[in-house]
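1. what shape does this take:
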Amino acid sequence: MADDELGRTLRRLRLLASLTQEELAERSQVSVDVIRQLEQRRKHSARLPTLHSLANGLGVELTTLLGDPPAVSSTGENDGPRFVAMRRAIMPALWGPEPKSPDPDFSMDHLREQIADGWTQYHAAEFDTVMKALPDMISDAHTATASTNDDGRGAGFAALGKALQLAGHVAVRMGKTDLALISLERAIDAAGRSPDPLLRPMIVNSVAWTYQRQGRLGDALDIALRAADDTKDSGHTDTADGLKVWGALTMSAATSAARSNEYERAAALMAHAEKEAARVDKLPQGGDSRMVSVFSPSSVRIERVRLAVQYGHPEDALRLAKGMRLSKDVPSSWRTWLLLDVARAHTDLGDAVGAVKALESLRRVAPTWMQHHTLAVAIVRDLWALPNHPPGLRPLAEYLGVGE
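-> I've put the predicted structure just below:
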């Protein structure tokens, strides 16, 4: 990650597009002074709406501008044998054999547990482990869809939809958003042939997230709102699982609105989500929480912290984060985002000591995420550029390969 500096990447992409700094400023509606500071590495990070605008002005995905995403190894070799095997599982060869009926010793419960474990590993940033397991999971799910009874086939399509959704998420983390959309579209098809009415809107939310990564913010907003309305109109928000799906879609829509600079709309959506989140624990509970959308008062608060940082209101972000107690159903990846946003808020306020403390906590909680996360590296670079380094910064810089 040491070579993946935002300013260097921005300059390279700008030159490839044959744009001057002034032309990029006009296309992206970003100040030419900001572009100049980033390229000269006097400024090492920017708020997410600014990054989206720059990516759109350059005609590239946001992930291209930020550099290697968390799942990419330090060698940059993200098309290794395991990823190729995952790609083949998502897109089998033409005219390949049809799946055969499962053997008598096949266990659907075991397959469900494997998929649930895969989601846990994904949230823990154990991407290599997930990639290793996904081809067999997808293959076993295909086999289950050839079951001789209706219940077995329905359960098989549900498992296939969830496994392909997981593959789509991993593909996004590898920077392969087009492959992710192929996987997610096939997951939606499988979901439509399953008995689970919540699976399709959950996968639609994953598509919305992928659209966000591609800078397709309007598309992401539209499909999230439509799926949220469909979920509510179908009466599914009377159960905890259904309300979680609706809530995750609503928060996704708020994020897309915020990144499109529709701050009032984003705030209204988040206020609605926060009000509804209080009902989750009062409703009939469903199955394995690892297989359902993330939505609770804690997740809403985490998202509000994130949006406050993106809006450029670090004081509000720190106020929202202060004393927060996270519920047990909040995945580890959301906890790491909270710490990262707190570090960014302290940095934006010029509180280097507070930023370092948050980053030290992040390193203890999620060292893998931190080591490969472009925003964490950018924050440390910002701090390293200060004339006086706060205590604890040097070990963090060495850990991330930043500095002298």
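2. so what's Tyr263 closest to, chain neighbours aside?
-> Tyr311 (6.2 Å; C-beta to C-beta, 6 or more residues apart in numbering). Just so you know, the C-beta spots here come from the backbone N, C-alpha and C atoms, and that holds for glycine as well.
3. for that neighbour, give its distance to Thr50.
-> To Thr50, Tyr311 is 12 Å away according to C-beta to C-beta, to the nearest Å.
4. swap in Leu181?
-> Using C-beta to C-beta, Leu181 is found at 25 Å from Thr50.
5. so where does the closest residue to Ala366 other than its chain neighbours fall, helix or strand?
-> Leaving aside its sequence neighbours, Ala366 sits nearest to Thr336 (C-beta to C-beta, 6+ apart; 4.2 Å). Using DSSP states H and E, Thr336 sits within helix 332-348.
6. if I look at Tyr131, how far off is Arg88?
-> Check again: residue 131 is Met, not Tyr. 12 Å.
7. which of these two has more neighbours?
-> Met131 (28 against 13; other C-beta atoms under 10 Å).
8. helix or strand for the more buried one, which one?
-> Assigned by DSSP H and E, Met131 falls in helix 127-144.
9. contacting residues around that helix?
-> Here helix 127-144 makes contact (C-beta atoms under 8 Å, 6 or more residues apart in numbering) with 70-71, 82-83, 85-86, 88-90, 99-102, 106, 108, 111, 114-115, 118, 121-122, 152-153, 155-156, 159-160, 163-164, 166-167, 170, 173-174, 190.
10. tell me which residues of that helix are tucked away?
-> The neighbour-count check on helix 127-144 (16 or more other C-beta atoms under 10 Å) flags 127-128, 130-131, 133-135, 137-138, 140-144 as buried.
11. can you give me the helices in the stretch 201-350 of the chain?
-> 217-233, 240-259, 263-277, 297-311, 314-321, 332-348 (DSSP state H, counting those that start in this stretch).
12. pLDDT below threshold where in the stretch 51-200 of the chain?
-> 61-63, 67-79 (pLDDT under 70).
13. how about the spatially closest residue to Leu164 that is not a sequence neighbour, secondary structure?
-> Spatial nearest neighbour of Leu164, excluding adjacent residues (C-beta to C-beta, 6+ apart): Ala187 at 3.6 Å. Recorded secondary structure, Ala187: helix (DSSP: H, G, I helix; E, B strand; the rest coil).
14. residues touching Ala187, list them.
-> Contacts of Ala187 by C-beta under 8 Å, 6+ apart are 160-165, 168, 203, 206.
15. next one: Tyr399
-> By C-beta under 8 Å, 6+ apart, the neighbours of Tyr399 are 363, 370-371.
16. so it is in which element?
-> Judged by DSSP H and E, Tyr399 forms part of helix 393-400.
17. before we move on, back to that, distance check, the residue nearest to Ala366 against Val292.
-> Per C-beta to C-beta, Thr336 is found 20 Å from Val292.
18. any low-confidence regions in the stretch 251-400 of the chain?
-> 288-289, 372.
19. at 80 what do you get?
-> The stretch 251-400 of the chain contains residues with pLDDT under 80 at 259, 261, 285-291, 310-312, 327-329, 369, 371-375, 378.
20. before we move on, the earlier item: now the buried members of the contacts of helix 127-144.
-> By 16+ other C-beta under 10 Å, the contacts of helix 127-144 give 70-71, 82-83, 86, 89-90, 99, 102, 108, 111, 114-115, 118, 121-122, 152-153, 155-156, 159-160, 163-164, 166-167, 170, 173-174, 190 as buried.
21. in strands only, show me those.
-> Using DSSP state E, no member of the buried ones among the contacts of helix 127-144 sits in strands.
22. those in helices, which ones?
-> Per DSSP state H, helices hold the following members of these: 82-83, 86, 89-90, 108, 111, 114-115, 118, 121-122, 152-153, 155-156, 159-160, 163-164, 166-167, 170, 173, 190.
23. distance check, Arg8 against Asp109.
-> 50 Å.
24. for those two, indicate the residue with more neighbours.
-> Arg8 (14 against 8).
25. tell me which element the more buried one falls in.
-> Counting by DSSP H and E, Arg8 is part of helix 6-16.
26. Ser296 - nearest residue in space that isn't next to it in sequence?
-> Ser327 (5.1 Å).
27. just the pLDDT at the spatially most central residue of the chain, thanks.
-> Geometric centre of the chain, nearest residue: Trp209, 6.7 Å, by C-alpha atoms, centre = their mean. Per-residue confidence (pLDDT) for Trp209: 94.
28. how much space between Leu16 and Leu51?
-> Distance, Leu16 to Leu51, by C-beta to C-beta: 17 Å.
29. that should have said Pro331, apologies.
-> Applying C-beta to C-beta to Pro331 and Leu51 gives a distance of 24 Å.
30. and the two? which has more neighbours close in?
-> Leu51 (24 against 17).
31. returning to what we had before: tell me which of the buried residues of helix 127-144 is nearest to Ile302?
-> For the buried residues of helix 127-144, the residue nearest Ile302 by C-beta to C-beta is Phe127; the value is 21.5 Å.
32. ok so, going back, which of the helices of the stretch 201-350 of the chain is buried the deepest?
-> Of all these, helix 240-259 has the most neighbours on average by mean count of other C-beta atoms under 10 Å, namely a mean of 26.
33. between it and helix 297-311, how many degrees?
-> 10 degrees (axes from the mean of the first three to the mean of the last three C-alpha atoms, to 10 degrees).
34. can you give me the neighbour number for Gln21?
-> Neighbour count for Gln21, taken as other C-beta under 10 Å: 17.
35. which residues touch it?
-> Applying C-beta under 8 Å, 6+ apart, the residues near Gln21 are 14, 32, 35-36, 39.
36. let me have those residues in JSON lines, adding secondary structure, neighbour count and distance to Gly286 as columns.
-> Formatted as JSON lines, the contacts of Gln21 follow (DSSP: H, G, I helix; E, B strand; the rest coil; neighbours: other C-beta atoms under 10 Å; distance: C-beta to C-beta, whole Å):
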{"residue": "Arg14", "secondary structure": "helix", "neighbour count": "19", "distance to Gly286": "49"}
{"residue": "Val32", "secondary structure": "helix", "neighbour count": "15", "distance to Gly286": "52"}
{"residue": "Ile35", "secondary structure": "helix", "neighbour count": "26", "distance to Gly286": "48"}
{"residue": "Arg36", "secondary structure": "helix", "neighbour count": "15", "distance to Gly286": "52"}
{"residue": "Glu39", "secondary structure": "helix", "neighbour count": "20", "distance to Gly286": "50"}
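37. this completes my enquiry, with thanks.
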